[in-house]
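In: Pasting the sequence and the predicted coordinates here, then a few questions.
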Amino acid sequence: MARHTMLEKNRMDSVALAVRITAIAAVVILWEMAARNNLRIAFYTSFPSEIVLDLIDFAASGELFRHVSITLSEAYLGLFYGSLIGISLGILCGQFLTFGRIFAPIVSALQGIPQLTLAPLYILWFGIGLQSKVILSALMVFFNVFISTYGGIRNIDQKLIEAATLLGGNRRQILWHIVIPASMPWILSGIRIGTSICMVGAIIGEYIGSSGGLGWMVSYASSFFQIKRAMACIAVLLIIGLLVNSILERVERYLLRWRAETNLRMRMSRTEVNNL
């Protein structure tokens, strides 16, 4: 039964991938045709073919990899530190009720302050280098990961804790074997959101003040009406997002391999009917 279920899932994944590629190809073809027939569209969005050629030139010059490395360093250092602090503080607030009652409302209040409005201050305080962008990205990630972790821990079935306690588990064992695995879907959900938020923080920081990075390049190219270069940078960001999401899906599938997938479909598959 498990083998048939896996085969059916692989088939559905293949169909979904084929439909996704077809839809993207159709959009690109329609965009190319519309831009070729309308100079106004071409001025504001350029052509997909021109963007690809510019992307090749950008990569051949070596500048693409320099700007990509700057942005990725800013974004994913922020993701690492923001996730680490968010998970740690979320676990502390979830496990120690007094600590949670004190600090959780403070974190929630601070989350109400839009971090993007503070970005100029971070540039002023920490300069236009790597540090200010990492701090901005880390703070934006931290709030999402903390809220997800704290919410996940507080929604764990209390019966699991009671059962582990009756079996003789101490606080550390319960935390490691019950609390963290049970709240892992929530934690991964916060990190998944953080992977997008950290990139936003890095790009916004580069817009405000920077000497390199994809955000800086988009701002620079747009100011000189180099639309194809700006769109090429956006395409690179899109590709990076797709790759990171693909990696996260694999990591999530591995870490949550114990969890059965659910959906709203009530109809049973033919394989499931035959195995009844």
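Out: Happy to help now that I have it.
In: just for the chain, where's the confidence low?
Out: 1-10, 258-276 (pLDDT under 70).
In: Next up, the contacts around the spatially closest residue to residue 201 that is not a sequence neighbour.
Out: Leaving out its chain neighbours, the residue that sits closest to residue 201 by Cβ to Cβ, 6 or more residues apart in numbering is residue 137, at 3.5 Å. Every C-beta, even on glycine, is put in place using the N, C-alpha and C of the backbone. Applying Cβ atoms under 8 Å, 6 or more residues apart in numbering to residue 137 gives the contacts 74-75, 77-79, 82, 197-199, 201-202, 205.
In: Residue 137 and residue 121, how far apart?
Out: 15 Å (Cβ to Cβ, to the nearest Å).
In: quick check: longest helix of this structure.
Out: Taking DSSP state H as the criterion, the chain has its longest helix at helix 2-37.
In: Could you check that one and say which residues are buried?
Out: Judged by neighbour count (16 or more other Cβ atoms under 10 Å), helix 2-37 contains these buried residues: 31-32, 35.
In: Okay, and the residue nearest the centre of the chain sits in which element?
Out: Ranked by distance to the mean C-alpha position of the chain (Cα atoms, centre = their mean), the top residue is residue 195 at 2.5 Å. Using DSSP states H and E, residue 195 falls within helix 180-208.
In: Off-centre distance for that helix?
Out: 5 Å (Cα atoms, centre = their mean, to the nearest Å).
In: Same check on stretch 11-29?
Out: 22 Å.
In: Return the distance of residue 57 relative to residue 219.
Out: When residue 57 is compared with residue 219 (using Cβ to Cβ), they lie 20 Å apart.
In: ugh, wrong one, residue 193
Out: For residue 193 relative to residue 219 (Cβ to Cβ), the value is 25 Å.
In: Can you give me the domain assignment for this structure?
Out: 1-45, 47-274 (automatic domain parsing).
In: Which of these has the highest mean neighbour count?
Out: domain 47-274 (a mean of 17; mean count of other Cβ atoms under 10 Å).
In: isn't residue 65 right up against residue 59?
Out: Yes - the pair residue 65 / residue 59 is scored as a contact, 7.2 Å apart, by Cβ atoms under 8 Å.
In: all helices in the chain, in order from the N-terminus.
Out: According to DSSP H, the helices that the chain contains are 2-37, 39-45, 48-60, 63-95, 97-111, 115-126, 130-154, 158-166, 171-174, 180-208, 214-223, 227-255, 270-274.
In: any idea which of the contacts of residue 137 is closest to residue 115?
Out: residue 201 (7.1 Å; Cβ to Cβ).
In: quick one: that closest one and residue 78 touch, right?
Out: Yes - using Cβ under 8 Å, residue 201 is in contact with residue 78, at 5.9 Å.
In: In contact with the spatially closest residue to residue 139 that is not a sequence neighbour: list those residues for me.
Out: In this structure, residue 139 finds its nearest non-sequential neighbour in residue 115, 5.4 Å apart by Cβ to Cβ, 6+ apart. Going by Cβ under 8 Å, 6+ apart, residue 115 touches 136, 139-140, 201.
In: switch to 10 Å and redo it
Out: Contacts for residue 115 (Cβ atoms under 10 Å, 6 or more residues apart in numbering) come out as 122, 135-137, 139-140, 142-143, 197, 200-201, 204.
In: quick one: common contacting residues for residue 201 and residue 78?
Out: By Cβ under 10 Å, 6+ apart, the residues touching both residue 201 and residue 78 are 133-141, 194.
In: mind listing what the residue nearest to residue 153 when sequence neighbours are not counted touches?
Out: Take residue 153 and drop its neighbours on the chain: the residue closest to it by Cβ to Cβ, 6+ apart is residue 94, 3.0 Å away. Residues in contact with residue 94 (Cβ under 10 Å, 6+ apart) are 100, 104, 149-156, 175, 179, 183.
In: Of those, which is the nearest to residue 233?
Out: For those, the nearest to residue 233 is residue 149 (33.0 Å; Cβ to Cβ).
In: just checking, that closest one touches residue 190?
Out: Yes - using Cβ atoms under 10 Å, residue 149 is in contact with residue 190, at 6.2 Å.
In: hey, what's in contact with both of those two?
Out: 83, 86-87, 90.
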